[in-house]
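Colleague: model the following, please.
(chains A, B, C and D)
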2 protein chains.
Amino acid sequence: MLDFIFYVWQNIGMRSYGQHCAVAKALDVIGDRWTLLIVRELMIRDGCRYTDLRNGLPGIATNLLAERLAEMEAAGLLEREAARPPVATTLFRLTARGRELEPVIAALGIWGAPLLPRKPDKAGFRDHWIALPIRLYLRDRHPEREPIRISIRCGDEWLTLATLGDGSVEVRSGSTNSPHLKLEGNPQMILSVLLGKTQIAIAEGEGLNIAGDVGILQRFRPVPAIAG
Amino acid sequence: MLDFIFYVWQNIGMRSYGQHCAVAKALDVIGDRWTLLIVRELMIRDGCRYTDLRNGLPGIATNLLAERLAEMEAAGLLEREAARPPVATTLFRLTARGRELEPVIAALGIWGAPLLPRKPDKAGFRDHWIALPIRLYLRDRHPEREPIRISIRCGDEWLTLATLGDGSVEVRSGSTNSPHLKLEGNPQMILSVLLGKTQIAIAEGEGLNIAGDVGILQRFRPVPAIAG
DNA sequence: CGGCATCCTCTTTGATACTG
DNA sequence: CAGTATCAAAGAGGATGCCG
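Modeller: The predicted structure follows:
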């Protein structure tokens, strides 16, 4: 049966390296252009529409997005869900298998971070992207204490950072009532402050707007791969 | 200066996603077809010749290999070294920056492992590949004790597994004197036994040839990402 | 032989326009 | 909104040629 599946695979046009190697097999599935960026987008906001994806993937051609989505669905990375009326749209969500790509995305982000130019180019940036490094690289030192809530604004969009009971950090879109802290400014500066890489005073000097209990930032630590 | 570098980058023909995102920037550099497999190959045996690379990358076109090597050198992933006479050949090695891709390769391998067919297809397999998962996913529980040496044969090639003082495991090509253990058989079975996923008795039933101190295998543990 | 460069064909992509 | 359709340009793959 497995042989049959691989026979079909090879003959369905899915280009394969044809190597008996786990890395090559992974790249057979997620090595195509744009595929991992679509995964990134769905990891940031799971269950989003075609148009949301297009907006979160500046530069992608619409035919390519459609093609990739079909391939990724066939590969079991994502699923389509018909949203309930009256919304009447299709939502794309990662499957469990798709979410298992998180360590790959995390490792790529760590490796690619030094390649980011200091000044963000507005054209190729989307405000919600900041949610990904926060979730992947930030942890709560004291998950047993009261959850942290921070309101973040970069660009026009408001985001809410909230710690969970297991020490992980979630980011939702929208604002929150009575947050411990409000951060407004450019995303790289906000991230740098959260990760403890930039002193608060310096960040304020660079234009970051901070209001609230700055002491709460001591609760955060970066994951070892970042800290090291 | 940095602006200038990025200006050159954008205009040298290096296709870029143009997104201000660390994952996208990483994929700008290592997202091209074959690039990560070349990294894999150099991670297994660093400092190898063009011909060795071609042999370790079944399916690559020679012009593509040459092109990728040039791009990767320009991107600072690898270096050429003129081997001393009388060898008179060029050796390719990863730079430190190239070696930092190890977590990416490791994460891809973990994700891709379930995609491997049970029966290895001889055509698309190279014996030395087994060195990579051993190094990435196997650790010594007791690095303070005497180093472990194991001789491995899959196919025609002999490999030597040796533990280092820091708990990591290295694999060299060639045999060794008086190893604790000799393993001969198919690579997947050998790996499965080393990672503790297959009982020794079962592996022997499946054709694996084991000789020596099988108790030494208790010293090994898989890395958490595998064990979990 | 080792390390490519050239030539050619085929596939993938990117940009844009169009549709139910 | 959620895609198809079309078409030009770029990239991948294969064969072969060249040069020290």
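
Colleague: for the rest of this, base every contact and every neighbour count on C-alpha atoms.
Modeller: OK.

Colleague: so does the strand or helix carrying A:Glu79 get close to chain B?
Modeller: Here A:Glu79, judged by DSSP states H and E, is contained in strand A:78-82. No: applying C-alpha under 8 Å from any C-alpha of the partner chain, one finds strand A:78-82 out of contact with chain B, separated by at least 15.4 Å.

Colleague: so where's chain A uncertain?
Modeller: A:1-13 (pLDDT under 70).

Colleague: spell out which parts of chain A neighbour DNA strand D.
Modeller: Neighbours of DNA strand D within chain A, by C-alpha under 7 Å from any atom of the strand: A:17, A:49-52, A:62-63, A:66-67, A:89-91.

Colleague: show me the contact partners of the helix or strand just after the strand holding A:Glu79.
Modeller: As assigned by DSSP H and E, the chain's next helix or strand after strand A:78-82 is strand A:90-94. Applying C-alpha atoms under 8 Å, 6 or more residues apart in numbering or on different chains, the external contacts of strand A:90-94 come out as A:39, A:42-43, A:46-50, A:77-83.

Colleague: quick one: buried ones out of those residues?
Modeller: A:39, A:42-43, A:46-50, A:77-80 (16 or more other C-alpha atoms under 10 Å in any protein chain shown).

Colleague: same list, those, but as a markdown table with distance to A:Leu194 please.
Modeller: A markdown table is the format used below for those (distance: C-alpha to C-alpha, whole Å):
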| residue | distance to A:Leu194 |
| --- | --- |
| A:Val39 | 24 |
| A:Leu42 | 23 |
| A:Met43 | 20 |
| A:Asp46 | 23 |
| A:Gly47 | 27 |
| A:Cys48 | 27 |
| A:Arg49 | 30 |
| A:Tyr50 | 31 |
| A:Leu77 | 31 |
| A:Leu78 | 31 |
| A:Glu79 | 33 |
| A:Arg80 | 35 |
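
Colleague: on that earlier part again, just give me how far the strand holding A:Glu79 sits from the chain centre.
Modeller: 19 Å (C-alpha atoms, centre = their mean, to the nearest Å).

Colleague: cool, and stretch A:124-140?
Modeller: Distance, stretch centre to chain centre, for stretch A:124-140: 6 Å (C-alpha atoms, centre = their mean).

Colleague: tell me which of the buried ones among the contacts of strand A:90-94 is nearest to B:Asp213?
Modeller: Comparing the buried ones among the contacts of strand A:90-94 against B:Asp213 with C-alpha to C-alpha places A:Leu77 closest, at 43.4 Å.

Colleague: got the contact list for the closest one?
Modeller: A:94-99.

Colleague: among these, which pair sits farthest apart?
Modeller: Maximum distance among the contacts of A:Leu77 (C-alpha to C-alpha): 7.6 Å, for A:Leu94 and A:Arg97.

Colleague: neighbour count for those two, which is higher?
Modeller: Neighbour totals were compared for A:Leu94 and A:Arg97, and A:Leu94 leads with 23 against 13 (other C-alpha atoms under 10 Å in any protein chain shown).

Colleague: for chain A, which residues are neighbours of DNA strand C?
Modeller: When proximity is defined by C-alpha under 7 Å from any atom of the strand, chain A lies next to DNA strand C at A:13-15, A:32-33, A:59-64.

Colleague: closest to B:Ile210 out of the residues you listed?
Modeller: For the residues of chain A next to DNA strand C, the nearest to B:Ile210 is A:Arg15 (38.0 Å; C-alpha to C-alpha).

Colleague: the closest one touches A:Asp28, doesn't it?
Modeller: Yes: taking contacts as C-alpha atoms under 8 Å, A:Arg15 lies within contact range of A:Asp28: 6.9 Å.

Colleague: tell me which of the two has more neighbours.
Modeller: A:Asp28 (19 against 12).

Colleague: excluding sequence neighbours, find me the nearest residue to the more buried one.
Modeller: Leaving aside its chain neighbours, A:Asp28 sits nearest to A:Ser16 (5.2 Å; criterion: C-alpha to C-alpha, 6 or more residues apart in numbering or on different chains).

Colleague: same question for A:Leu159.
Modeller: A:Ser173 is the one closest to A:Leu159 (C-alpha to C-alpha, 6+ apart), at 4.4 Å.

Colleague: report how many residues lie close to the one you found.
Modeller: By other C-alpha under 10 Å, 15 other residues sit near A:Ser173.

Colleague: ok, now which ones touch it?
Modeller: Residues in contact with A:Ser173 (C-alpha under 8 Å, 6+ apart) are A:128, A:157-160.

Colleague: of these, closest to B:Arg118?
Modeller: For the contacts of A:Ser173, the minimum distance to B:Arg118 (C-alpha to C-alpha) is 41.3 Å, reached by A:His128.

Colleague: list the buried residues of the longest helix seen in chain A.
Modeller: Longest helix of chain A, by residue count under DSSP state H: helix A:62-74. Under the neighbour-count criterion of 16+ other C-alpha under 10 Å, helix A:62-74 has A:65, A:68-69, A:71-73 buried.

Colleague: let me have those in a markdown table, adding distance to A:Asp213 as columns.
Modeller: Formatted as a markdown table, those follow (distance: C-alpha to C-alpha, whole Å):
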| residue | distance to A:Asp213 |
| --- | --- |
| A:Leu65 | 43 |
| A:Arg68 | 44 |
| A:Leu69 | 43 |
| A:Glu71 | 47 |
| A:Met72 | 44 |
| A:Glu73 | 45 |
